[in-house]
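Undergrad: Sequence and predicted structure below; questions after.
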Amino acid sequence: MNIGFVVSNLNNSVGSTRIWVSDLNDYFTECSIPSVICKNNDQIRSRDILICSKSDAQLAARLKQQFPEKKIGVINLSSAHKPKNIDFVIVGSLEEKDSLSHHENVFLFPLIEKMMQGLELKKHTNKDKLVIGYHGSWTHLSKFENGLQQALEELDEILDIELRIITGNPSFNWKAGRPNIKNVVCKQWNINTICSELKDCDIGIVPNITKIVDEQMLNRTSSEHGLYDTDYIIRFKNKSNAGRSFVFHQLGVPVIADMTPSNFHILGDEACGFLAHSKNGWKKSILKLTDYKSRQRIARNAKREFDRLYNPHAWAKRLYAQIQEI
């Protein structure tokens, strides 16, 4: 069975297109699985399996109606699109897989960035300034207020910190969660420079969880129901994933991430990095990485674990086998 990707705008600056179309097509090809990015209707007609990009989800039902014998899938299906009679959905995390479990076939392919594969890892050195890096959508910047903001403000009094924000909208008027520290640098995400910009960071931070203050819920305690005033109350998107952590792992930058479930796969082992939720959790984790030798050791451990768990060819073969079984 051969594969065709259907994408109306092949814009590799968009993560879902870059990873689940361009990169995945390459991974299939490298595994000797016939795969193309369709450029015309003749190529679409000649394919056994059609995979629609996230932005082309509305085409899936139409293609299924036109070609009922073909297997039709959609990448990273959003809540706004609800195509009927599609055969499968491709997601980037177990969180997203469960949220879309009303579809008959939901298959996981992690966000493995091909452009980050095989690069020389960062060599950490002893220096005065500590560059703490963030990359991703500006919509996640408000998540700093869940302890990270306060941790950075306290650390700024004792360390020379640069908080480097790399995002698609660096002019965003960041208010919620913005730490009041001396050195915040916002840069434009650029596909040509992102690797070098991230490798220049000493620590990667990945906030994602939304802070919830619900005194009524916290005050509702019951030993019978296992409810205590020390319980966690967390909120995160159904599409939450470990992709932003993966990029740092691939480049040799140690990571501190929040308690989004997918982050636990690698960062659940503190030899590979740290998970944090509270102010003290973020603060202590950053302090543990002020030593450059610790950063080097932990980053190398995480890279080895990433390579073991996230071989893109193994995941591509698994995905192909799952589609074949439909």
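TA: In hand now; what should we look at? A quick note: this is a predicted structure, and the numbers were derived from the prediction, not measured.
Undergrad: Which residue lies nearest the spatial centre of this protein?
TA: Against the mean C-alpha coordinate of the chain, by Cα atoms, centre = their mean, the closest residue is Gly243 at 2.1 Å.
Undergrad: what about the residue nearest to that residue when sequence neighbours are not counted, distance to Ile212?
TA: Closest residue to Gly243 apart from its sequence neighbours, by Cβ to Cβ, 6 or more residues apart in numbering: Leu111 at 3.3 Å. The C-beta positions use only the backbone N, C-alpha and C, and glycine is treated the same way. Look at Leu111 and Ile212: by Cβ to Cβ, to the nearest Å, they are 26 Å apart.
Undergrad: quick one, which of the two is more surrounded?
TA: Neighbour count, other Cβ atoms under 10 Å: between Leu111 and Ile212, Leu111 has more, with 22 against 12.
Undergrad: ok, the more buried one - contacts?
TA: Contact partners of Leu111, counting by Cβ atoms under 8 Å, 6 or more residues apart in numbering, are 15, 19, 92, 241-243, 246.
Undergrad: okay, the residues you listed in CSV with distance to Ser137 and pLDDT next?
TA: Shown next, in CSV, are those (distance: Cβ to Cβ, whole Å; pLDDT from 0 to 100):
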residue, distance to Ser137, pLDDT
Gly15, 9, 90
Ile19, 15, 96
Gly92, 14, 97
Asn241, 12, 97
Ala242, 15, 97
Gly243, 11, 97
Phe246, 16, 98
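Undergrad: Now, those residues that are in helices?
TA: Within the contacts of Leu111, residues falling in helices by DSSP state H are 15, 243, 246.
Undergrad: correct me, but the second one touches Gly15?
TA: Yes: the pair Gly243 / Gly15 is scored as a contact, 7.2 Å apart, by Cβ atoms under 8 Å.
Undergrad: what's the nearest residue to Glu153 if we skip its chain neighbours?
TA: Setting aside the residues directly before and after it, Glu153 is nearest to Pro179 in space (Cβ to Cβ, 6+ apart), at 5.1 Å.
Undergrad: And that neighbour, how close does it get to Lys84?
TA: Using Cβ to Cβ, we find Pro179 at a distance of 46 Å from Lys84.
Undergrad: of the two, who's got more company?
TA: Pro179 (20 against 8).
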